[in-house]
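> what shape does this take:
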Amino acid sequence: MENLDIPALLQTYVIPWGLKLFFALAIFIVGRIVVSVVVSFVGKLMRSRNMDDMLAGFLLAILRWVLLLFVVIAALSQLGIDTTSLIALLGAAGLAIGLSLQSSLSNFASGVMLIIFRPFTKGDFVEAGGATGVIDKISIFTTTLTTPDNKEVIVPNGAIIGGNITNFSARDTRRVDMVFGISYNDDLLKAKQLLQEIIDEDPRVLKDPAPVIALGALNDSSVDFLVRPWAKAEDYWALLWDTTEKVKLRFDAEGISIPYPQMDVHLDKGE
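Numbers count the residues shown, from 1 in each chain. Here you go, the predicted model:
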């Protein structure tokens with residue numbers, strides 16, 4: 001077994017590779033520090049412009065990973081690794097991943113649009129993406145709602161952007177649309193007066209816009225009144241339910257009937 005030339009081995013392999021490894025680690029460590037400083041500066045700039053916290057956090061995360069990727073490539077270059085082929089490989093991998101995740105990317109783009117344009121915010125009661133509930137969380141890929149019966153519904157952002165969005169909390173006031181039918185034999189003016197009294201007595205009904213009580217339709221078996229008071233958005237459901245109950249009790253007390261479907265069956269007796 002031949003004796004190894006230790007000094008030549010050190011000079012040829014150990015020292016050069018040691019220096020390359022040292023400078024590669026130095027580039028990586030210093031690069032991470034620079035990335036943290038840059039991301040922190042950009043974050044302060046975004047907050048000074050009052051950018052949405054969720055969008056700012058997402059953009060900062062992307063910026064951090066992109067800069068770290070450049071730092072890693074620079075460190076690998078210091079080790080003598082051909083980064084050109086590595087960049088090409090990453091590009092091909094990114095294209096393949098993008099093609100396989102088209103729906104996810106669509107949800108991602110929709111999430112960015114929701115965060116930027118903000119058709120609703122946390123706490124709004126909305127109907128969107130086939131679900132109805134209170135917005136609990138808006139993330140990049142999905143939106144979480146809580147239904148009135150306390151169920152959690154997670155809706156893909158693409159489904160929300162691709163359909164109609166009804167925001168029941170966007171306005172401070174809402175109109176309560178109700179229809180009450182009476183019999184053709186009942187006193188029309190008396191029924192209208194009773195409806196007007198019920199609406200006027202409720203303090204939740206707004207004076208402006210003024211409530212509307214009008215004869216809406218002459219149906220086959222009923223005369224229908226349209227009752228449309230305005231109320232604050234938070235009083236909508238309570239006013240709807242309470243008014244419906246009051247109308248039924250008041251009509252019963254005043255002898256005004258509310259028609260309901262009936263079927264008359266005639267039986268012929270065979271001889």
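
> hang on, Lys246 packs against Ile199?
No. Counting by C-beta atoms under 8 Å, Lys246 sits too far from Ile199 to count as a contact (9.5 Å). Where C-beta positions appear, they are placed from N, C-alpha and C, glycine not excepted.

> comparing these two, which residue is more hemmed in?
Neighbour tally, Lys246 and Ile199, criterion other C-beta atoms under 10 Å: the higher count belongs to Ile199, 21 against 17.

> contact partners for that one?
By C-beta atoms under 8 Å, 6 or more residues apart in numbering, the contact set of Ile199 is 205, 211, 213, 227, 229, 243.

> low-confidence stretches in the stretch 1-150 of the chain?
Within the stretch 1-150 of the chain, the stretches with pLDDT under 70 are 1-18, 52-55, 81-90, 92-104.

> which residue ranges of it form helices?
When assigned using DSSP state H, counting those that start in this stretch, the helices of the stretch 1-150 of the chain occupy the ranges 6-9, 15-48, 53-78, 83-100, 102-117.

> show me which of the contacts of Ile199 is closest to Ser257.
Val227 (17.3 Å; C-beta to C-beta).

> just checking, that closest one touches Gly181?
No. Using C-beta under 8 Å, Val227 makes no contact with Gly181, being 11.3 Å away.

> okay, those two: which has more neighbours?
Per other C-beta under 10 Å, whichever of Val227 and Gly181 has more neighbours is Val227, with 22 against 18.

> and stretch 163-170, what's buried?
For stretch 163-170, a neighbour-count test (16 or more other C-beta atoms under 10 Å) marks Ser169 as buried.

> hmm, I typed the wrong one, I wanted stretch 126-145.
Neighbour-count burial for stretch 126-145 flags 126, 128-129, 131, 133-135, 138, 140-145 (criterion: 16+ other C-beta under 10 Å).

> from the contacts of Ile199, which ones fall inside strands?
213, 227 (DSSP state E).

> PyMOL command for the buried members of the contacts of Ile199?
A single PyMOL command selects the buried members of the contacts of Ile199 (16+ other C-beta under 10 Å):
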select buried, resi 205+211+213+227+229+243
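
> and which of the contacts of Ile199 is nearest Ile116?
Pro229 (36.7 Å).

> how close does the closest one get to Thr142?
In this view, Pro229 and Thr142 are 37 Å apart by C-beta to C-beta, to the nearest Å.

> for Gly163, same thing?
15 Å.

> other residues contacting stretch 122-130?
Taking C-beta under 8 Å, 6+ apart as the rule, stretch 122-130 contacts 120, 132-138, 143, 145, 155-156, 159-160, 163-170.

> please read the previous query as pertaining to stretch 141-154.
For stretch 141-154, the external contacting residues (C-beta under 8 Å, 6+ apart) are 104, 107-108, 111, 114, 126, 128-129, 131-138, 155-157, 160.

> what do you get if the cut-off is 7 Å, keeping everything else the same?
104, 107-108, 111, 114, 131-137, 155-157, 160 (C-beta atoms under 7 Å, 6 or more residues apart in numbering).

> now do the buried residues in stretch 203-210.
Neighbour-count burial for stretch 203-210 flags 204-206 (criterion: 16+ other C-beta under 10 Å).

> of those, closest to Val176?
Closest approach between the buried residues of stretch 203-210 and Val176, by C-beta to C-beta: Val205, at 8.6 Å.

> ok, for the closest one, nearest residue in space, not its chain neighbours?
Pro229 (4.4 Å; C-beta to C-beta, 6 or more residues apart in numbering).

> ok, now which ones touch that neighbour?
Contact analysis of Pro229 by C-beta under 7 Å, 6+ apart lists 176, 199, 205, 211, 239.

> over to stretch 119-139 now: how far is its first residue from its last?
In stretch 119-139, first residue to last residue: 14 Å (C-alpha to C-alpha, to the nearest Å).

> how far does it sit from its chain's centre?
4 Å (C-alpha atoms, centre = their mean, to the nearest Å).
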